[in-house]
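Q: this is a predicted model, with the sequence first.
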Amino acid sequence: MTTESTIHIHAETTPNPHTLRFVVNRELVGFGTVNFRESSEALRSPLAKALFEISGVCGVLIGQGFVTVTKTSESLWSELAEPCTRVLRTVLETVEDVVGAPAAGSAAPIQMGESNDPISLKIQEILNTEVRPAVAMDGGDIIFYGYKDGIVSLHLQGSCSSCPSSVLTLKMGVESRLKMLIPEVKEVIQV
């Protein structure tokens, strides 16, 4: 594939010291994210597969206009950032579909109407319009698993999954916001 415009990439730090968010000037997925927690999950994605070939990379999350790369605790960003940028540029300049077939870790939009429960519908709306865009800015995503008896079950992924402040994000951020807008919500838990 020959691109008419130049691919621009810049790295941003995240609250998780083991992840960098690489922002690109190209749409990579239509909505949501695709999460690859290990190299065996990345076989259909040319981009994730190429990133996992870099020694020290242990996770890849592909979003609309960003790629979050997670490194092992033994690796150093000073040694990984440049190879990651080089791989991103090479793949983005030569491959149209960088994700491939949807993976098990895919996070499409939280679908309105999957539940007839009005509280679940309101939770899904708040997550899609407020929470997911906010966590995407830090290189992560959030998946809604359900609501029952006042408890909201969510899953953080990308830079948010192993971030030292993930509990703070979940409890002080998401739980506080949902409780403020939906009095029936008592607690938010990570699954």
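A: That came in fine, so what should we check first? Residues are numbered from 1 along each chain as shown.
Q: can we go C-alpha only for contacts and neighbour counts from here?
A: Fine.
Q: can you classify residue 86 as helix, strand or coil?
A: helix (DSSP: H, G, I helix; E, B strand; the rest coil).
Q: which residues in this structure form strands?
A: Here the chain has its strands, by DSSP state E, at 9-13, 19-24, 33-36, 57-62, 66-71, 106-107, 140-148, 151-158, 187-190.
Q: the second one - what's its average pLDDT?
A: Right, strand 19-24. For strand 19-24, mean pLDDT rounds to 93.
Q: ok now stretch 54-74, how far from the chain's centre?
A: Relative to its chain's centre, stretch 54-74 lies at 10 Å (C-alpha atoms, centre = their mean, to the nearest Å).
Q: pull the CA atoms of that stretch into CSV?
A: Output of stretch 54-74 as CSV, limited to C-alpha atoms (Å, rounded to 0.1, in the frame of the first residue of the first chain):
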residue,chain,number,x,y,z
ILE,A,54,10.5,-6.7,19.7
SER,A,55,12.1,-8.3,22.8
GLY,A,56,10.6,-6.8,25.9
VAL,A,57,7.1,-6.1,24.5
CYS,A,58,4.4,-8.0,26.5
GLY,A,59,1.2,-6.3,25.5
VAL,A,60,-0.4,-4.3,22.7
LEU,A,61,-3.7,-2.4,22.6
ILE,A,62,-4.8,-0.9,19.3
GLY,A,63,-7.3,2.0,19.5
GLN,A,64,-8.8,4.4,17.0
GLY,A,65,-5.8,6.6,16.6
PHE,A,66,-3.3,5.1,19.0
VAL,A,67,-1.4,2.0,20.0
THR,A,68,-0.5,1.3,23.6
VAL,A,69,2.6,-0.9,24.1
THR,A,70,3.3,-2.6,27.4
LYS,A,71,6.8,-3.7,28.2
THR,A,72,8.2,-6.2,30.7
SER,A,73,9.4,-4.8,34.0
GLU,A,74,13.0,-5.7,33.1
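Q: now it: buried residues?
A: For stretch 54-74, burial by neighbour count (16 or more other C-alpha atoms under 10 Å) applies to 56-71.
Q: and that stretch, what's its mean pLDDT?
A: Average pLDDT, stretch 54-74: 93.
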